[in-house]
Each structure stands twice: as structure tokens, then as C-alpha cells.
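# Need a 3D model of the following:
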Amino acid sequence: MKSIVVCSGGLDSVVLAHKTAAEEELLALLSFDYGQRHKKELHFARECAERLGVPHLLLDISCLGRLLSGSALTDQVAVPDGHYAEETMKSTVVPNRNAVMLAMAFAVGASRGAEAVAVAVHGGDHFIYADCRPEFIEAFQHMEDLALAGVAALSLRTPFVYASKADIVTVGARLAVPFARTWSCYRGGEVHCGRCGTCVERLEAFALAEVADPTAYEDSEFWRQAVAAAKGEVV
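Reported below is the predicted structural model:
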């Protein structure tokens, strides 16, 4: 299977890139600059491509990102602390982000002779991100089958769609993925903040997977409080 992996530079997509390279023919990594405040993630995507010996394709759609107001990832909205299961995390939704990016990824894939586009959506995304859910993946595949009929046949591969973040960490550890060379934090500071939803999820995942976390955090303990709060527990 000849695949293009959509890679943000985050833990999930970097693990997916390594998994794809180990199991099939990886053609390229595709990343997007959509005006995200944590743009430093793209550096880690480029590093991953260099490590795996494939091209890093970067699409600049920041002009679109500037029009997507109201999201904590692209606008002057504070990134909330806490767990993804909390209502406040809906402020990190970028409307139609995956639909836009995947449509572009399929266009690139079709032009480069790919047979699949792989994306690292996972079970932990389902709560607030509608375009990470299985029903969206199924519908998007149907749309692309119609859009590319007679032109190309590409499958949308989502091997982690029913997996947890801890499952992904386990896969990454087995593949010797350099976790320290991935970026998750939505705040995009010098080191991971340890308090935003994606940092909390990252810390929890390493703990659940019982894998040593090499990441530097400003606050490496807040996640316990956030996870407990999401479960309705008292710390």
C-alpha cells in the first residue's frame, strides 16, 4: 500500500508515520499551516519526514485559518486548562478542519499515485471533535469515492480510530518512536505547558501505558487533578 500520512508533528501522527513506514510504502508526510498558535509542531513533522527518509509536503492555508475565528487554536481566545472531557475544551474546535485538510490530502494523494491517505484520529478525539468520529470517516470515504471516480482510488486509513492515546503510546514504544521529538501542547511555548487538554491527555496516556515520558512540562502534576475532575472525583 502506497500511503501519504497527514502529520501534524504531534505524538499520534508521528507514531502513525513510523507505523506506516514499518508496514507499507510511505510516500510522504503532509502537514498544514492553518495559522495554529502551536505552529512549532510543524518543525517536528519535518524532522519526522527526514528521519524516515521521505518528502515533507507543507501546505500553507493560513489565509483560511485567519477567517476561522472563535477557536482557541487560531484566534485570540485563551486555551483552557483541563481534560478533553470538559465542556470548555470545545473552544479548541476549528470548524471543518479535518474535512478541509483531508480533501486536500486526497487531491495530493491522487496526483502522486498514492493508494491511501492515513490520519491519526483516535478514540479520545470523539467527545468534542465531530470530524474525528467513525461516522465522519465513513461518510468522507464515500464522498471521495464519488469525487475521484474514474480518476483514482484512495482509501482513508484510520488505524487508531477506536484506539486510546495510551494504545498509541504503546505502539510508539514498540516502534522506538522518539517521543521527545513530537509536539502536542496547544499553547506552543518553550516546553509543553502540562495543563491544556492535549498535554493532560498526553501525560495520562504515558501513565496508562506505563511508558516513560521524556517530555518536558511546565507543570507535570496538574493532569492528575484534571483527570480526576473529569471523572467527578475529588483529589
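# OK, contacts around Ala153?
When contacts are counted by CB atoms under 8 Å, 6 or more residues apart in numbering, Ala153 touches 115, 145. To be clear about C-beta, it is placed using only N, CA and C from the backbone, and glycine gets the same treatment.
# Could you rerun that using 10 Å?
Residues in contact with Ala153 (CB atoms under 10 Å, 6 or more residues apart in numbering) are 110, 115-116, 144-145.
# Just the buried residues from those residues, in PyMOL please.
Only the buried entries of the contacts of Ala153 go into this PyMOL selection, using 16 or more other CB atoms under 10 Å:
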select buried, resi 110+115+116+144
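# Distance from the chain centre to the lowest-mean-pLDDT helix or strand in the chain, please.
Ranked by mean pLDDT, DSSP states H and E, the weakest helix or strand in the chain is helix 62-65, scoring a mean of 77. Relative to its chain's centre, helix 62-65 lies at 18 Å (CA atoms, centre = their mean, to the nearest Å).
# Could you list every helix and strand that the next helix or strand after it packs against?
Later in the chain than helix 62-65, the nearest helix or strand by DSSP states H and E is helix 97-111. For helix 97-111, the packing partners by 3 or more CB pairs under 10 Å, 6 or more residues apart in numbering; DSSP states H and E come out as strand 2-6, strand 25-33, strand 56-60, helix 62-65, strand 116-118, helix 134-147, strand 155-157.
# any low-confidence regions in the protein?
37, 65-80, 83-94, 125-127, 233-235 (pLDDT under 70).
# Just name the closest of the contacts of Ala153 to Ala205, please.
Taking CB to CB as the measure, Ala116 is the one of the contacts of Ala153 closest to Ala205, at 25.4 Å.
# Isn't that closest one up against Leu102?
No: with contact defined as CB atoms under 10 Å, Ala116 does not reach Leu102; the gap is 12.0 Å.
# Mind listing the shared neighbours of these two?
By CB under 10 Å, 6+ apart, the residues touching both Ala116 and Leu102 are 109, 156.
# Just give me the neighbour total for Gly113.
The number of residues packed near Gly113 is 10, by other CB atoms under 10 Å.
# Can you spell out which helices and strands pack onto whatever helix or strand Asp167 lives in?
For Asp167, the element it lies in under DSSP H and E is helix 165-174. Helices and strands touching helix 165-174, by 3+ CB pairs under 10 Å, 6+ apart, are helix 11-23, helix 197-209.
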